[in-house]
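[1] got a structure for you, letters missing:
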């Protein structure tokens, strides 16, 4: 934002200072905004009274600003003081200034920036302390416990970045940190141990071959990364799996790191809080914009600048995935159950009535599908991730197993019905392709009542989703709806039908009431077997072993990068 202020015959971008009861002050006539590639910003100001020459002031990263200063103005302990503050996690900016020739303000606007930013006088350090948010450490620990590896990609000094990474547990606090940077010549990379300066290596491989049985952490600067990209690209592909902190990184390099991780097979999420991160936010699988801007560059926005929402997004995403798979399986089983029943009924020239279809769809299936879709996400982030494939072993085995169990019981109830002493097969009608008008028969009533319970069984078996969704016993809407439907269906099965029920649903009364209890008992047995198969075999210990092997074969660890 630039506001023009007119003082006399000159337009100033803003007035820097005007002491009280004084007409003196300085006005900015030219401003160079911060550029990530240059790592600095500058401003040119003039005295409002013309008593002193124009002045250019520069602030930016110490490593860059010091190269613009004259050697005489830089203290001998420059690097020592800088390292002291950055190791403590301080954000350090270097400030410098230089007087410009007494030129007309209009002439100054035509001078190239490079000519003005020369032979500056070092003015000092600007020390800033940016404390961690209270929920930052907790959020990072939650992600690491979920086997999601947090990375830090920042434009700050590498020592500051390492200190912050250790403080918020992105890096292990006690593990030695090896930093990759350029040597004094500027043409070779060198790895140095932050905690033991006597240790230095020319490559990452040498460090990994050390048999000291210590956990190690790695960090790299942007200039070292750029050199490796141009001269030793294979080294970049190797170190991308080990480095946890990237410092003094440009926006283009941020995008490169995210894309490189994706190319290596990782699922990458990116958190960023400015335009410098827009490229990386777009490149990542999931982008979270820290701020209150419109979500143009990222699908998610954290308006309170907190990373705690990342865990919430992951939990909700996993829950949605599991819900999608569950509803898919349910909507496959539902028509298969109906189709199997209709095939049995076609064989005797019968079919379900319209009222039976409507009751099944609107009273049973629709509420069950609704509560399955509304199951909340788990309140904890699990260490394993669900498979993203519709043809994963768990999804396929769950669907195939439930189909076999359900259809076997439907066939079993028909055979059990026809083995009753009082059962009489309805007279067949030729040709068989013509349907009977007769709806009131034992097959129709038995299949209608049994499949009502079968729909409840499939819903309870598929509604698990734990540990990515809340278990059904903690989802109160599920409990209430399921209890009501179980009561309604059980009453329809166990109690002799009223005349109104017979007329509405074409139910034929059985000669022996005991057969109703047998239908209900077989339905309960179907429920117990389906639940056992779903909770113990598919989503239990056996299923976890199979899923772990599948994931190990086809997936790699997820990464979350944070600016």
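    Yep, that arrived. The structure presented is a predicted model; accordingly, all values stated were derived computationally and were not measured.
[2] Checking residue 64 next. Helix, strand or coil?
    Put simply, residue 64 is helix when judged by DSSP: H, G, I helix; E, B strand; the rest coil.
[3] and the nearest residue to it once chain neighbours are set aside, what is it in contact with?
    Nearest non-adjacent residue to residue 64, counting by CB to CB, 6 or more residues apart in numbering: residue 39, 4.6 Å away. Where you see a C-beta, it was placed from the backbone N, CA and C, and this is true even at glycine. Residue 39 sits next to 60, 61, 63, 64, 155, 248 when contact means CB atoms under 8 Å, 6 or more residues apart in numbering.
[4] Could you measure from residue 39 over to residue 222?
    Using CB to CB, to the nearest Å, residue 39 is found at 9 Å from residue 222.
[5] any shared contact partners between these two?
    residue 248.
[6] before we move on, back to that, I'd like the contacts of residue 39 written out as CSV, with neighbour count added.
    Shown next, in CSV, are these (neighbours: other CB atoms under 10 Å):
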residue, neighbour count
60, 20
61, 17
63, 16
64, 14
155, 22
248, 23
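[7] which one among these gets closest to residue 97?
    residue 60 (12.6 Å; CB to CB).
[8] Might one say that that closest one is in contact with residue 92?
    No. Using CB atoms under 8 Å, residue 60 is not in contact with residue 92, being 10.6 Å away.
[9] quick one: the helices in the stretch 1-150 of the chain?
    Counting by DSSP state H, counting those that start in this stretch, the stretch 1-150 of the chain has helices at residues 62-68, 78-87, 105-108, 113-116, 136-145.
[10] Could you dump those into TSV and include mean pLDDT and distance to residue 329?
    Formatted as TSV, those follow (pLDDT from 0 to 100; distance: least, CB to CB, whole Å):
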stretch	mean pLDDT	distance to residue 329
helix 62-68	89	57
helix 78-87	88	55
helix 105-108	70	72
helix 113-116	85	63
helix 136-145	88	30
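[11] any chance of the ones you listed in JSON lines, plus distance to residue 233?
    Converted to JSON lines, those look like this (distance: least, CB to CB, whole Å):
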{"stretch": "helix 62-68", "distance to residue 233": "25"}
{"stretch": "helix 78-87", "distance to residue 233": "30"}
{"stretch": "helix 105-108", "distance to residue 233": "44"}
{"stretch": "helix 113-116", "distance to residue 233": "31"}
{"stretch": "helix 136-145", "distance to residue 233": "30"}
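[12] Residue 404: which of those helices is closest?
    Among the helices of the stretch 1-150 of the chain, if distance is taken as CB to CB, the winner is helix 136-145, at 37.3 Å.
[13] which helices and strands sit right next to the closest one?
    Secondary-structure packing of helix 136-145 (3 or more CB pairs under 8 Å, 6 or more residues apart in numbering; DSSP states H and E): strand 148-153, helix 308-347.
[14] I'd like the distance between the spatially most central residue of the chain and residue 359.
    Centroid-nearest residue in the chain, with CA atoms, centre = their mean: residue 314, separated by 4.0 Å. Here the criterion is CB to CB. By it, residue 314 lies 40 Å from residue 359.
[15] returning to that earlier point: what sits closest to the residue nearest to the centre of the chain if chain neighbours are left out?
    Per CB to CB, 6+ apart, closest to residue 314 is residue 381, 6.2 Å.
[16] Contact partners for residue 311?
    139, 142, 143, 146, 381.
[17] Residue 364 now?
    Contacts of residue 364 (CB under 8 Å, 6+ apart): 452, 455, 456, 485, 489.
[18] which SSE is the closest residue to residue 413 other than its chain neighbours in?
    Nearest non-adjacent residue to residue 413, counting by CB to CB, 6+ apart: residue 450, 5.1 Å away. Residue 450 belongs to helix 442-462 when elements are defined using DSSP states H and E.
[19] could you list every residue that touches residue 280?
    153, 251, 254, 255, 257, 258, 270, 272, 287, 561, 563.
[20] what do you get if the cut-off is 10 Å, keeping everything else the same?
    The contact partners of residue 280, by CB atoms under 10 Å, 6 or more residues apart in numbering, come to 153, 249, 251-259, 268, 270-272, 287, 297-298, 561, 563.
[21] Shouldn't it be within a helix?
    Yes. Checked against three-state DSSP, residue 280 lies within a helix.
[22] Now it: closest residue in space, sequence neighbours ignored.
    residue 254 (4.0 Å).
[23] Please name every helix or strand in contact with the host helix or strand of that neighbour.
    Using DSSP H and E, residue 254 maps to helix 251-263. The contact analysis (3 or more CB pairs under 10 Å, 6 or more residues apart in numbering; DSSP states H and E) places helix 251-263 against strand 148-153, helix 222-231, helix 233-239, strand 243-247, strand 268-272, helix 278-283, strand 558-562.
[24] got the angle for it vs helix 222-231?
    Per axes from the mean of the first three to the mean of the last three CA atoms, to 10 degrees, the angle that helix 251-263 makes with helix 222-231 is 60 degrees.
[25] Helix 251-263 to strand 148-153, inter-axis angle?
    160 degrees.
[26] Could you list the low-pLDDT ranges of the stretch 101-250 of the chain?
    102-106, 211-213 (pLDDT under 70).
[27] does residue 30 really touch residue 45, like I thought?
    Yes. In this structure, residue 30 is within contact of residue 45 by CB atoms under 10 Å, at 8.5 Å.
[28] Among those two, which residue is more densely surrounded?
    residue 45 (25 against 20; other CB atoms under 10 Å).
[29] Now that one: closest residue in space, sequence neighbours ignored.
    residue 26 (4.3 Å).
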